[in-house]
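Visitor: Give me a 3D structure for the following:
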Amino acid sequence: MSGAFPVDLILFAMIAAFLVLRLRSVLGRRQGFERPPQEQRAQADALRPVPRAVPDAMPAAAARGVPDARTPAGQGLARIRQQDPSFDPSAFLGGAEGAFRMIVEAFANGDRETLKNLLSTETYGGFEQAISSREAAGERQRTEIRTIQDMAIEGAELRGSVAEVTVRIVSDQINITTGPDGQVTAGHDGVTEIIDVWTFQRDLQTQDPTWKLVGTGAA
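Guide: Have a look, this model is predicted:
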């Protein structure tokens, strides 16, 4: 009937409004630095020292900074790209973020095999020595990367076919070292902002696409 009241349209509008409110209540929750439930904390300690901060959400991507082409770092990136046209600074930073997470987790776990694949021989020697000292003392390292706030390229060089890219990494972490008796010997369970400066290196003439960590420092 042409004059009938559009009840179905009002019903659909009410359903749509309800769904919007539900989505807003879910997506608008603060994620912050809430502690995980006790069971998840125990599991993280035993199995994976770098748990996700929010179990039902993927980690937010870090802000990525690529230097201006007119800067020394930008000019270094241009030289790298001339020799390797497939090199993309933004994609490199994405890989560097993944490598950072893997290396930090492997070090906390004492996972030497993973570290060998991602570190230069000299850098691996320093990491392995620290792991061995920790094991000899009966200590255990627990590290949680809560968020990586920023990844920015600070330097780039090309010497022959060897490229080096230095990245400044700002992350929020929890770091705790416990002794044989389970008592905390270093660190605490509070979130701390840590600024690392890591240098990655790769010989552009090799078939191996891995950029290996060759230097670490703190800002």
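
Visitor: What residues sit buried inside the helix or strand containing residue 189?
Guide: For residue 189, the host element (DSSP states H and E) is strand 184-203. Under the neighbour-count criterion of 16 or more other CB atoms under 10 Å, strand 184-203 has 187, 191, 196, 198, 199, 200, 201, 202 buried. (C-beta placed from N, C-alpha, C; glycine too.)

Visitor: now stretch 86-105
Guide: 87, 89, 92, 93, 96, 97, 99, 100, 102, 103, 104, 105.

Visitor: now these in CSV, with secondary structure and distance to residue 174?
Guide: What follows is the buried residues of stretch 86-105, written out as CSV (DSSP: H, G, I helix; E, B strand; the rest coil; distance: CB to CB, whole Å):
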residue, secondary structure, distance to residue 174
87, coil, 34
89, helix, 30
92, helix, 28
93, helix, 24
96, helix, 22
97, helix, 18
99, helix, 20
100, helix, 16
102, helix, 18
103, helix, 17
104, helix, 11
105, helix, 13
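
Visitor: least trustworthy helix or strand in the chain by mean pLDDT?
Guide: Here the helix or strand of the chain ranked lowest by mean pLDDT, DSSP states H and E is helix 38-46, holding a mean of 42.

Visitor: to the chain's geometric centre, what's the distance from the helix or strand following that one?
Guide: Next helix or strand after helix 38-46 toward the C-terminus (DSSP H and E): strand 63-65. What separates the centre of strand 63-65 from the centre of its chain is 12 Å, taken as CA atoms, centre = their mean, to the nearest Å.
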